[in-house]
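Participant: Sequence and computational prediction follow.
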Number of protein chains: 2
Amino acid sequence: MRTTTLRLGACIMGAGIGIFAPLATGSADDDASPIFGISLPAGYREWQLIGVAHEAGKLNDLRAILGNDIAVKAYRDGTRPFPDGAIIARLAWEYVSSAENDAVFGQAQSFVPGSPTNVQFSVKDSKKFADTGGWGYGQFEGGKPNRSEVLMNTCAPCHAAVSSTNDFVFTRYAP
Amino acid sequence: MRTTTLRLGACIMGAGIGIFAPLATGSADDDASPIFGISLPAGYREWQLIGVAHEAGKLNDLRAILGNDIAVKAYRDGTRPFPDGAIIARLAWEYVSSAENDAVFGQAQSFVPGSPTNVQFSVKDSKKFADTGGWGYGQFEGGKPNRSEVLMNTCAPCHAAVSSTNDFVFTRYAP
């Protein structure tokens, strides 16, 4: 059970945990994430901010969670479940010390984004993704989908472990 | 010098470091930050993301740095110095463990935003703020300006210690 939990945790937590299995083959769309068929949403980097986070441990990243207009409105209005069309983007970067900032502040305290690791998307479509709580998932690295079906198959069980009152979403809105 | 550095560091770092001196009095505009006369920019929470950070130590916060359209364009284009009209917003929240997330992941690793602490703004106006590197500063708590002139007078010297090649701005763009 412990192993299972950690493995599920690796889903939303993203890259770098050694669960990157052999590539999926035979996909009809090489630009789409396997299993769910999620393509990289255009303009996601311009979406509004939902929240931020730091994941310690092996992930050791800083992250920002952005949403498209439907997702952000649902967050601000407290609408659950999220309406179809909502997309949540989780960006992550390596967690690095800022020597430049620390020199100004006179002490080691400042941690900033290093290189990007990956971007994950949660896409709400209650009909298309009915078998996975109404959500489809995708992970992209350098603009390209991670093709691991093993990875993609961990997403839904991990999110299913989050409170259903928040519609299986980890992130809360940061005012 | 050490003391000076730490005190300067407290500026951009914001609240909670014991430098909140007596309130300024006699301001012509109670909705504006003292010294620089910065008012809370409308709609700043909807601005696009520049970057994120974690400040450890006494601040112990998670932060997001947002920018208005002028600031974000300058970041993406690499334009320095920033053009007049650029505004950078630094939001911060208490740095708290997420028991909910940690329970799913099977280990203590997840840190998320708690209560908001304060929001700081850097406003570029090369003429109006010529004496402080072209930047004016303001800090707001619960939507109201912090009225401490002592606090506001620490902002410019602290930013002056940042590389001038980045136009005295701490935050780098997170792609």
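Facilitator: That came through fine. Numbers count the residues shown, from 1 in each chain, chains lettered A, B, ... in the order given.
Participant: With just CA atoms, put the longest strand along chain A into PDB.
Facilitator: For chain A, the strand reaching the highest residue count under DSSP state E is reported as strand A:110-124. Output of strand A:110-124 as PDB, limited to C-alpha atoms (Å, rounded to 0.1, in the frame of the first residue of the first chain):
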ATOM      1  CA  SER A 110      15.600  33.000  -1.400                       C
ATOM      2  CA  PHE A 111      14.400  30.100  -3.600                       C
ATOM      3  CA  VAL A 112      13.500  30.800  -7.200                       C
ATOM      4  CA  PRO A 113      12.600  28.900 -10.400                       C
ATOM      5  CA  GLY A 114      15.400  27.100 -12.200                       C
ATOM      6  CA  SER A 115      14.800  25.200 -15.400                       C
ATOM      7  CA  PRO A 116      11.300  24.100 -16.300                       C
ATOM      8  CA  THR A 117      10.600  20.500 -15.500                       C
ATOM      9  CA  ASN A 118       7.200  19.800 -17.000                       C
ATOM     10  CA  VAL A 119       3.700  21.200 -17.400                       C
ATOM     11  CA  GLN A 120       0.600  19.100 -16.500                       C
ATOM     12  CA  PHE A 121      -3.000  19.800 -17.500                       C
ATOM     13  CA  SER A 122      -6.300  18.700 -16.100                       C
ATOM     14  CA  VAL A 123      -9.100  19.000 -18.600                       C
ATOM     15  CA  LYS A 124     -12.800  18.800 -17.500                       C
END
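Participant: What's the mean pLDDT across it?
Facilitator: The average pLDDT for strand A:110-124 rounds to 98.
Participant: Can you give me the buried ones in that strand?
Facilitator: In terms of neighbour count (16 or more other C-beta atoms under 10 Å in any protein chain shown), strand A:110-124 has its buried residues at A:110-114, A:116-124. To be clear about C-beta, it is placed using only N, CA and C from the backbone, and glycine gets the same treatment.
Participant: So what are the sheet partners of it and their directions?
Facilitator: Using DSSP bridges, strand A:110-124 pairs in its sheet with strand A:87-97 (antiparallel), strand A:135-141 (antiparallel), strand B:48-55 (antiparallel).
Participant: So what would you say the end-to-end distance of stretch A:32-39 is?
Facilitator: 4 Å (C-alpha to C-alpha, to the nearest Å).
Participant: pLDDT averaged over that stretch, what's the number?
Facilitator: Per-residue scores along stretch A:32-39 average to 96.
Participant: and if you look at stretch A:88-104?
Facilitator: Across stretch A:88-104, the per-residue pLDDT values average to 97.
Participant: How far does it stretch from one end to the other?
Facilitator: 35 Å.
Participant: Mind putting the buried residues of strand A:110-124 into JSON lines with distance to B:A156?
Facilitator: Formatted as JSON lines, the buried residues of strand A:110-124 follow (distance: C-beta to C-beta, whole Å):
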{"residue": "A:S110", "distance to B:A156": "19"}
{"residue": "A:F111", "distance to B:A156": "24"}
{"residue": "A:V112", "distance to B:A156": "22"}
{"residue": "A:P113", "distance to B:A156": "26"}
{"residue": "A:G114", "distance to B:A156": "29"}
{"residue": "A:P116", "distance to B:A156": "32"}
{"residue": "A:T117", "distance to B:A156": "35"}
{"residue": "A:N118", "distance to B:A156": "38"}
{"residue": "A:V119", "distance to B:A156": "36"}
{"residue": "A:Q120", "distance to B:A156": "40"}
{"residue": "A:F121", "distance to B:A156": "41"}
{"residue": "A:S122", "distance to B:A156": "42"}
{"residue": "A:V123", "distance to B:A156": "45"}
{"residue": "A:K124", "distance to B:A156": "46"}
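Participant: In the residues you listed, find the pair that's most separated.
Facilitator: A:S110 and A:K124 (35.8 Å; C-beta to C-beta).
Participant: Looking at the buried residues of strand A:110-124, which is nearest A:G85?
Facilitator: A:K124 (6.6 Å).
Participant: beta partners of that closest one?
Facilitator: In this entry, A:K124 is beta-bridged to A:W135, by DSSP bridges.
Participant: OK, contacts around it?
Facilitator: With contact set as C-beta atoms under 8 Å, 6 or more residues apart in numbering or on different chains, A:K124 has these partners: A:70-71, A:81-87, A:134-135.
Participant: do that again at 6 Å, thanks
Facilitator: Applying C-beta atoms under 6 Å, 6 or more residues apart in numbering or on different chains to A:K124 gives the contacts A:82, A:84, A:86, A:134-135.
Participant: Now a ChimeraX select for only the buried ones of these.
Facilitator: Selecting the buried subset of the contacts of A:K124 in ChimeraX, with 16+ other C-beta under 10 Å as the burial test, is done by:
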select /A:82,86,134,135
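Participant: Let me have the contacts of A:K124 in TSV, extended by distance to B:K58.
Facilitator: As requested, those are exported to TSV (distance: C-beta to C-beta, whole Å):
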residue	distance to B:K58
A:F82	37
A:D84	45
A:A86	38
A:G134	43
A:W135	39
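Participant: ok, the contacts of A:K124 vs chain B, which is closest?
Facilitator: Among the contacts of A:K124, A:W135 lies closest to chain B (C-beta to the nearest C-beta), at 15.1 Å.
Participant: Can you report phi and psi for the residue lying closest to A:T165 once chain neighbours are set aside?
Facilitator: Nearest non-adjacent residue to A:T165, counting by C-beta to C-beta, 6 or more residues apart in numbering or on different chains: A:R80, 6.9 Å away. Here is the backbone geometry of A:R80 (degrees, to the nearest 10): phi -140, psi 140.
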